[in-house]
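Peer 1: Structure for this input, please:
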Amino acid sequence: MRVLVVEDHEELALTVAAGLRREGMAVDVVLDGPDALERAGVHHYDVVVLDRDLPGLHGDEVCRSLAASGNPARMLMLTAAGSIDDRVSGLGIGADDYLPKPFAFAELVARIRALARRSQQALPAVLVHGDLRLDPATRIATRDGRRLPLSPKEFAVLELLLAAQGAVVSAEQLLERGWDEFADPFTHTVKVTISRLRRKLGDPPLIETVPQAGYRI
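Peer 2: Got it, this is the predicted structure:
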């Protein structure tokens, strides 16, 4: 999944982003409200982790604007204020969930994953194709009972291809969904990742290249 972290405390924002990347997520970070709106208008995010107390534009206004524009991202609001009125207010302006600070990182991850599932079409808890099984919750993929030693990007690409349920996924879609803003769209990053993934999956081959279109399983 791809996540946007909007938090004006830079050290906290970078720490959260690093942790989410270790969980296999592609994460972008911005430090104020206007940048949040700009970034959300350019990229497709599954979840926006949004601090309420932001410079430039308050988090409530960012939330209202994204909701009004029909942005499909789910919004998880963070705030140091934890009263019931604050929670009701945040949910009332378009937020999908609410997490008071300070929070346990494990809870943040769980809430992000729950929101991401709601933003996507209904899929089985475990993705299966023949003897290939992928469990997004445990981050384990196996083929014929053998655990596959996948890197986070290889796992993300395999998950995206399996979730497509036989449909073609373009290289651009894989790059948008599996990498963050630092990925260079003019490199062969996706092609190289697909090549490594094919080697690890072994025979018979599972990933098909569709000329001028992309890849599918």
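Peer 1: quick one: the strands in this structure?
Peer 2: For the chain, the strands defined by DSSP state E cover 2-6, 26-30, 47-51, 74-79, 97-100, 127-129, 132-135, 140-143, 146-147, 208-210, 214-216.
Peer 1: would you list these in CSV and tack on distance to residue 107, mean pLDDT and mean neighbour count?
Peer 2: To be clear about C-beta, it is placed using only N, CA and C from the backbone, and glycine gets the same treatment. Converted to CSV, the strands of the chain look like this (distance: least, C-beta to C-beta, whole Å; pLDDT from 0 to 100; neighbours: other C-beta atoms under 10 Å):
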stretch, distance to residue 107, mean pLDDT, mean neighbour count
strand 2-6, 15, 95, 25
strand 26-30, 17, 93, 23
strand 47-51, 12, 95, 26
strand 74-79, 11, 90, 24
strand 97-100, 7, 88, 18
strand 127-129, 25, 92, 15
strand 132-135, 21, 94, 18
strand 140-143, 22, 94, 17
strand 146-147, 28, 94, 10
strand 208-210, 40, 94, 12
strand 214-216, 35, 93, 20
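Peer 1: Just put those in TSV and tack on distance to residue 180.
Peer 2: Shown next, in TSV, are the strands of the chain (distance: least, C-beta to C-beta, whole Å):
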stretch	distance to residue 180
strand 2-6	7
strand 26-30	5
strand 47-51	14
strand 74-79	18
strand 97-100	22
strand 127-129	23
strand 132-135	21
strand 140-143	21
strand 146-147	26
strand 208-210	25
strand 214-216	20
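Peer 1: count of residues packed around the spatially closest residue to residue 210 that is not a sequence neighbour?
Peer 2: Counting by C-beta to C-beta, 6 or more residues apart in numbering, residue 210 lies nearest to residue 168, which is 5.0 Å off, once chain neighbours are set aside. Counted with other C-beta atoms under 10 Å, the neighbours of residue 168 add up to 14.
Peer 1: Please identify the buried residues of stretch 143-154?
Peer 2: 143, 148, 150, 153, 154 (16 or more other C-beta atoms under 10 Å).
Peer 1: Just the CA coordinates for that stretch, please, in PDB.
Peer 2: Output of stretch 143-154 as PDB, limited to C-alpha atoms (Å, rounded to 0.1, in the frame of the first residue of the first chain):
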ATOM      1  CA  ARG A 143       5.200 -21.600  -3.400                       C
ATOM      2  CA  ASP A 144       4.600 -25.300  -3.200                       C
ATOM      3  CA  GLY A 145       5.100 -25.000   0.600                       C
ATOM      4  CA  ARG A 146       8.500 -23.300   0.200                       C
ATOM      5  CA  ARG A 147       8.800 -19.900   1.800                       C
ATOM      6  CA  LEU A 148      10.000 -17.300  -0.700                       C
ATOM      7  CA  PRO A 149      12.800 -14.900   0.400                       C
ATOM      8  CA  LEU A 150      11.300 -11.800  -1.000                       C
ATOM      9  CA  SER A 151      12.500  -8.200  -0.500                       C
ATOM     10  CA  PRO A 152       9.800  -5.700   0.500                       C
ATOM     11  CA  LYS A 153       9.500  -4.400  -3.100                       C
ATOM     12  CA  GLU A 154       9.300  -7.900  -4.500                       C
END
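Peer 1: hang on, the earlier thing: greatest separation within the buried residues of stretch 143-154: which pair is it?
Peer 2: The span of the buried residues of stretch 143-154, defined through C-beta to C-beta, is set by 143 and 153 at 18.0 Å.
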